[in-house]
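**Q** Pasting a predicted model and its sequence here:
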Amino acid sequence: ELKVEQNPLFLSMQEGKNYTIYCNYSTTSDRLYWYRQDPGKSLESLFVLLSNGAVKQEGRLMASLDTKARLSTLHITAAVHDLSATYFCAVDNWDSGGSNYKLTFGKGTLLTVNP
Amino acid sequence: KAGVTQTPRYLIKTRGQQVTLSCSPISGHRSVSWYQQTPGQGLQFLFEYFSETQRNKGNFPGRFSGRQFSNSRSEMNVSTLELGDSALYLCASSLALAGDTQYFGPGTRLTVL
């Protein structure tokens, strides 16, 4: 069964610093998503990465995908307080027969950006 | 364009009762998926409906069921509630089935006493 692991699970950083969140997954998948969740709120789609080598950027966030290493990274540049949230990666997951699909999520990374 | 809406937003039930949650997808979206979010297990997929048929299913017991109507609105039912069913239930809609970007609703917070 597909497993999706994020690290770190908790990240406290200072404003202005850079950091990277890692998302590893255990079986082949060609599509990976990053979502953001603010406390008490729902999930907001950030990025969809569709192929090996894909890189997407939005503001201070940049996501990349290496399907051969089964690894995605979410890089935060010059963090600001507004980026404080929980970040989830999720991976397309088909069963071995290709007949059942589900989106499998990592546990999430709780990011706190301190002034 | 209006987002995904879920009702009710909060529910308190007691063990053994049943509950029905409702989800209205984004206009034009035909797929609705349901997820359970708990601190211990994280986000777990329940099932996905498309064109009024359950197309994909997660690893939850039969107490969890759902349906979809011709206007793509979906309901999820949990029978014989257990304490462990306390969770945030999220629904998500997408244009297409399986693998299209999903847009999430605000969730229904279910507390089972």
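**A** Arrived safely, thanks for sending. Numbers count the residues shown, from 1 in each chain, chains lettered A, B, ... in the order given.

**Q** For residue B:9, give me its contacts.
**A** Shown in contact with residue B:9 (CB atoms under 8 Å, 6 or more residues apart in numbering or on different chains): B:106, B:107, B:108, B:109. C-beta: built from backbone N, CA, C; applies to glycine.

**Q** For the closest residue to residue A:52 other than its chain neighbours, give me its contacts.
**A** Leaving aside its chain neighbours, residue A:52 sits nearest to residue A:67 (4.1 Å; criterion: CB to CB, 6 or more residues apart in numbering or on different chains). Counting by CB under 8 Å, 6+ apart, residue A:67 touches A:28, A:29, A:30, A:51, A:52.

**Q** hmm, back to that, considering the contacts of residue B:9, which possesses the most neighbours?
**A** Neighbour tally across the contacts of residue B:9 (other CB atoms under 10 Å in any protein chain shown): the maximum, 24 neighbours, falls on residue B:107.

**Q** Pretty sure residue A:42 is one of the things that residue touches, is it not?
**A** Yes. At 5.6 Å, residue B:107 and residue A:42 qualify as touching, with contact defined as CB atoms under 8 Å.

**Q** pLDDT weak spots in chain B?
**A** Of all residues in chain B, those with pLDDT under 70 make up the ranges B:1.

**Q** Get me the contact residues on it for chain A.
**A** Proximity of chain B to chain A (CB under 8 Å from any CB of the partner chain) is limited to residues B:4, B:33, B:42-45, B:48, B:55-58, B:90, B:92, B:97-99, B:101-107.

**Q** Narrow those residues to those in strands?
**A** Among those, the members falling in strands (DSSP state E) are B:33, B:42-45, B:48, B:55-57, B:90, B:92, B:103-104.

**Q** which of the residues you listed sit farthest apart?
**A** B:42 and B:55 (22.8 Å; CB to CB).

**Q** Mind listing the residues bridging to the residue nearest to residue A:84 when sequence neighbours are not counted?
**A** Nearest residue to residue A:84, sequence neighbours excluded (CB to CB, 6+ apart): residue A:113, at 4.9 Å. Beta-bridge partners for residue A:113, by DSSP bridges, are residue A:13.
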